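Chemist: next come a sequence and a model predicted from it.
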Amino acid sequence: MSDELFSLKGKVALVTGSSTGLGKVMAKALGKAGAKVAMNYFNNEERAAKAFAEFEAAGCEGAMIRANVTDEDEVNRLVSEASEKLGPIDIVVLNATPDQPQKSIEEYDWDFYQSMLDFFIKSPYLVTRAVLPHMKEQKWGRIINIGSETFHLGVKPFTAYVAAKGGQNGFNRSLAHELAEWNITVNMIAPGWIPVERHENDPQELKDGYLASIPMGRWGVPQDLDGTLVYLASEASGFVTGQNIHVNGGTTVH
């Protein structure tokens, strides 16, 4: 099979929430595959600058753009600025996420539920709508939602996050049907618990319990997503849409 099938040369990608964690690694994977990548952050300029320096040091080309991806005007500016700097966007990875504290339903309030919906339903909707004109015009596009195994597993006590991720999964499935006639694929990657910066202070007993549940017997690392991501972003997956691919060492196999 030709390497060209997986090449992203000549493509422009946008990865939301990519100054840290899984997003930072996914942006680099797309860049190494040949895409120009618009990286995105909102809160921490110093961390974003460091992440972009690492991205460029890996031989990748792109831009780092600050924007709140839950705000319509900010999203439109993000897409416009990325397109001006790198070219029209062909590939979108919908990854931005807030903090995700686990609490009982009595401890959550509606404002927190709303914040989950804003990141996992409103933001994907706004970003997708902003990039669609170009994708429809060229009759080619890749929309990749980053989901979570927590929806499939019904993880507790985590109703706000799990409910919002379930909504994003529904968005993924319906949008795949809607956009298929334009040769725009819409898929979801559902990672397992892959420790990144924000997990540094998680209780050890939770970590030990989760590790024991992984059939492959090891923790996932962010780079475990690279192959699935590049595949879904490339020509190789041209007849694959509406799917939710779990990358978790088998924790959702029952």
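Modeler: On my side now, so go ahead.
Chemist: contacts for the helix ranked longest in the chain?
Modeler: Identified as the longest helix of the chain according to DSSP state H is helix 159-179. By Cβ atoms under 8 Å, 6 or more residues apart in numbering, the residues outside helix 159-179 that reach it are 94, 100, 105, 108, 112-113, 116-117, 119-121, 124-125, 128, 132, 135, 141, 143, 145, 147-148, 150-151, 154-155, 185-188, 241-244. C-beta: built from backbone N, CA, C; applies to glycine.
Chemist: in strands, which of those residues fall?
Modeler: 94, 141, 143, 145, 185-188, 244 (DSSP state E).
Chemist: can you tell me which of those residues is nearest residue 81?
Modeler: residue 94 (17.9 Å; Cβ to Cβ).
Chemist: ok, and the closest non-adjacent residue to the closest one?
Modeler: Leaving aside its sequence neighbours, residue 94 sits nearest to residue 124 (Cβ to Cβ, 6 or more residues apart in numbering; 4.4 Å).
Chemist: so where do the helices sit in this protein?
Modeler: 21-32, 45-57, 72-86, 110-117, 123-138, 149-153, 159-179, 204-212, 226-233.
Chemist: for residue 5, find the nearest of those.
Modeler: helix 226-233 (9.4 Å).
Chemist: may I see the buried residues of stretch 167-175?
Modeler: Neighbour-count burial for stretch 167-175, counted by 16 or more other Cβ atoms under 10 Å, picks out 167-169, 171-173, 175.
Chemist: likewise for stretch 61-81?
Modeler: Residues of stretch 61-81 classed as buried by neighbour count (16+ other Cβ under 10 Å): 62-71, 74-75, 77-79.
Chemist: now stretch 38-56
Modeler: Of the residues in stretch 38-56, those buried (16+ other Cβ under 10 Å) are 38-42, 48, 51-52, 55.
Chemist: no more questions from me, cheers.
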